[in-house]
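can't give you the sequence, but here's the structure:
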């Protein structure tokens, strides 16, 4: 009989939560193994097309649930490869949110002031830069001008982008071919590899069981590199510490499936899911009115027609990111380029007499795609998502060979959430339609329900065992040595892009994870210098 493989630390997932832990623990002397469900791609592998089998379908995981669909990363580097590199810090009021439980959701040890030093550390590594108005895209500048015209402020968004390398191709959501976007492939992951961490792509973790010596056994399937529905093998690895960083849509099914072997999970595992209160509004810009009212023209003479020129979100209106406002009335409005695909399917025709997302009016709308401006709203929701029984394998039942799947998440928005969406939609419409500058409609929820690119909170940290799956050290309640460091650990929606907060919380969790590892017999230390970013995204070593 072949002996089960052993490691000190087994990390599930390689996004922000997995890469940061991999680096610090490997640099501290632990043997670290990272299992990643998706493929390993780097700069030269990222395609500029939407063909099946291109990087676009390979690195995304689109899971339709009941009332909520989740778009996440599925590759080495995880969500950091497919995010838009917008890296704001969470507003101070977020840490005092009460939400549906009627009391503070966050652990008492965490607020904006205590998290700021950890924000600083991550910002140094990525690095995060504050854009100025000379660096924003034309679409961002137009959004800023429209906000100003309506009496609102607008701000360039802090980003993890090297503007000197950015060619404004606007394909960054499918991975950056030019390594201008700073993902985990350009900082924490290469640093982890340099300290001996091993990263294994196409390994989908199924469950965790206990070993006789008090450790854990992580069971996985090998996934075919072309058809993710096909399993090519399976195995198990024993570890003294397990870190779950598979994402808020994938970590709960792993833990739910593990109940049979680990014992009961905390009540909050797979509950209190938040979609970050997200909405997308599609504006069709009236180019003639932009020229007349705002006096704007591109160098080629067009007033706008610039939908596919630029990068991701570059300008946001934060006038409603205001702690003086009541809960559920706070939100951000962020200009965003969302590439064709879901955007063309879910955009509604503003003046349709029948169905708004297909038909003759929709056909006319699609002809105007160059004049679209997408506004991304992040509101306060009620953490109402719940994961049902997990599928037989993975986090969802795959519909196609890549990307599309059906998952167990159920989401029924509460009146609080619906009111927040409606208020943010109405304000967006008011700003953009002033003086006939645009016509605006939110994306439809009729096709895939609500949707999020920032899933959060499904295994959240907190002080109350009844409403949080993990303590403030990110350790899973009742299961010492298992930690959760992905977006599922964030207690609630943030009203801003969450990537930097997930990363900062992970940095904050490292000392506690190191202490737990030492208690469990791992020879590891904390205190390695922060990794130095590299210019070229790290590629998979040759076999």
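It's in. All values reported here derive from a predicted model rather than from experimental measurement.

in the longest helix seen in the chain, what's buried?
Looking across the chain with DSSP state H, the single longest helix is helix 499-519. Going by neighbour count (16 or more other C-beta atoms under 10 Å), the buried part of helix 499-519 is 499-510, 512-514, 516-518. All C-beta spots, glycine's among them, are computed from the backbone N, C-alpha and C.

Report all helices and strands that that helix contacts.
Judged by 3 or more C-beta pairs under 8 Å, 6 or more residues apart in numbering; DSSP states H and E, helix 499-519 is in contact with helix 16-27, helix 112-125, strand 231-244, strand 482-484.

Wait, residue 514 touches residue 28, no?
Yes: contact criterion C-beta atoms under 8 Å: residue 514 and residue 28 qualify, at 6.1 Å.

who touches both of those two?
Common neighbours of residue 514 and residue 28, using C-beta atoms under 8 Å, 6 or more residues apart in numbering, are 524-526.

Name the nearest of those relative to residue 374.
Of all the shared contacts of residue 514 and residue 28, residue 374 sits closest to residue 526, with 42.2 Å by C-beta to C-beta.

Surely that closest one touches residue 23?
No: contact status for residue 526 versus residue 23: not in contact, 11.8 Å apart, counting by C-beta under 8 Å.

Check which residues of stretch 359-372 are buried.
361-362, 365, 368-369, 371-372.

Please apply the same query to stretch 421-437.
421, 423-425, 427-429, 431-433, 437.

can you tell me which of those are in helices?
Those of the buried residues of stretch 421-437 lying in helices (DSSP H): 421, 423-425, 427-429, 431-433.

Adding distance to residue 530 and pLDDT, write these out as CSV.
Listed next are those as CSV, based on distance: C-beta to C-beta, whole Å; pLDDT from 0 to 100:
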residue, distance to residue 530, pLDDT
421, 39, 97
423, 40, 98
424, 37, 98
425, 41, 96
427, 40, 98
428, 38, 97
429, 44, 97
431, 40, 98
432, 41, 98
433, 46, 97
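
and the two most separated of those residues?
Spatial extent of those (C-beta to C-beta) is set by the pair 421 and 433 at 17.9 Å.

show me where the stretch 101-250 of the chain has helices.
Remark: helices assigned in the stretch 101-250 of the chain by DSSP state H, counting those that start in this stretch are 112-125, 138-149, 188-194.

Minimum distance to residue 55: which of these has it?
helix 188-194 (17.2 Å).

other SSEs contacting the closest one?
Where contact means 3+ C-beta pairs under 8 Å, 6+ apart, helix 188-194 is packed against helix 16-27, strand 198-200.

Residue 216 and residue 9 touch, don't they?
No: in this structure residue 216 lies outside contact range of residue 9 using C-beta under 8 Å: 10.5 Å.

The two: which has the busier surroundings?
Higher neighbour count among residue 216 and residue 9: residue 9, with 28 against 22, using other C-beta atoms under 10 Å.

in which helix or strand would I find that one?
Assigned by DSSP states H and E, residue 9 belongs to strand 5-12.

Tell me the buried residues in that strand?
7-12.

elements contacting it?
Using 3+ C-beta pairs under 8 Å, 6+ apart, the elements in contact with strand 5-12 are helix 16-27, strand 32-35, strand 216-223, strand 231-244.

Make JSON lines out of these and add distance to residue 311 and mean pLDDT.
What follows is those, written out as JSON lines (distance: least, C-beta to C-beta, whole Å; pLDDT from 0 to 100):
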{"stretch": "helix 16-27", "distance to residue 311": "20", "mean pLDDT": "98"}
{"stretch": "strand 32-35", "distance to residue 311": "29", "mean pLDDT": "98"}
{"stretch": "strand 216-223", "distance to residue 311": "31", "mean pLDDT": "98"}
{"stretch": "strand 231-244", "distance to residue 311": "31", "mean pLDDT": "98"}
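
Count the neighbours of residue 439 for me.
Residue 439 is flanked by 18 other residues according to other C-beta under 10 Å.

just curious, which of the shared contacts of residue 514 and residue 28 is nearest to residue 141?
residue 526 (44.2 Å).

so what's the closest one up against?
24, 28, 510-511, 514-515.

check which helix or strand covers it.
For residue 526, there is no host helix or strand (DSSP H and E).

Roughly how far does the residue nearest to it when sequence neighbours are not counted sit from residue 29?
Among residues not flanking residue 526 along the chain, residue 514 sits closest, at 4.2 Å (C-beta to C-beta, 6 or more residues apart in numbering). Distance of residue 514 to residue 29, computed by C-beta to C-beta, to the nearest Å: 10 Å.

likewise residue 241?
Using C-beta to C-beta, we find residue 241 at a distance of 13 Å from residue 29.

what's around the residue lying closest to residue 268 once chain neighbours are set aside, how many residues?
The shortest distance from residue 268 to any non-neighbouring residue, by C-beta to C-beta, 6+ apart, is to residue 469 (4.1 Å). Using other C-beta under 10 Å, residue 469 has 31 other residues around it.

Find residues that contact each of residue 514 and residue 29.
Residues touching both residue 514 and residue 29 (C-beta under 8 Å, 6+ apart): 524-525.

Just give me the residue right at the centre of this structure.
Central residue of the chain (C-alpha atoms, centre = their mean): residue 454, 3.9 Å from the mean position.

re earlier: I'd like the distance between the residue nearest to residue 526 and residue 240.
In terms of C-beta to C-beta, residue 514 sits 12 Å off from residue 240.

Kindly report the same for residue 441.
To residue 240, residue 441 is 53 Å away according to C-beta to C-beta.

Have a look at the two and say which one is more surrounded.
Neighbour totals were compared for residue 441 and residue 240, and residue 240 leads with 24 against 20 (other C-beta under 10 Å).

Could you check how far the more buried one is from residue 523?
For residue 240 relative to residue 523 (C-beta to C-beta), the value is 11 Å.

same check, this time on residue 265
Residue 265 sits at a distance of 30 Å from residue 523 (criterion: C-beta to C-beta).

Neighbour count: these two, which is higher?
residue 265 (19 against 11).

show me what contacts the more buried one?
Residues near residue 265 by C-beta under 8 Å, 6+ apart: 255-256, 258-259, 469, 476, 478-479.

rerun at 10 Å
Residues in contact with residue 265 (C-beta atoms under 10 Å, 6 or more residues apart in numbering) are 252, 255-256, 258-259, 459, 469, 476-479.

element containing residue 270, please.
Residue 270 belongs to no helix or strand when assigned by DSSP H and E.

Please shift the residue numbers so they start at 19 in all later answers.
Sure, I'll start numbering at 19, so the last one becomes residue 288.

Run a quick neighbour tally on it.
25.

could you pull out the strands for the stretch 219-368 of the chain?
221-228, 234-241, 249-262, 296-303, 333-335, 350-354 (DSSP state E, counting those that start in this stretch).

I'd like the distance from the longest helix of the chain to the chain centre, please.
Relative to its parent chain, helix 517-537 has a centroid offset of 18 Å by C-alpha atoms, centre = their mean, to the nearest Å.
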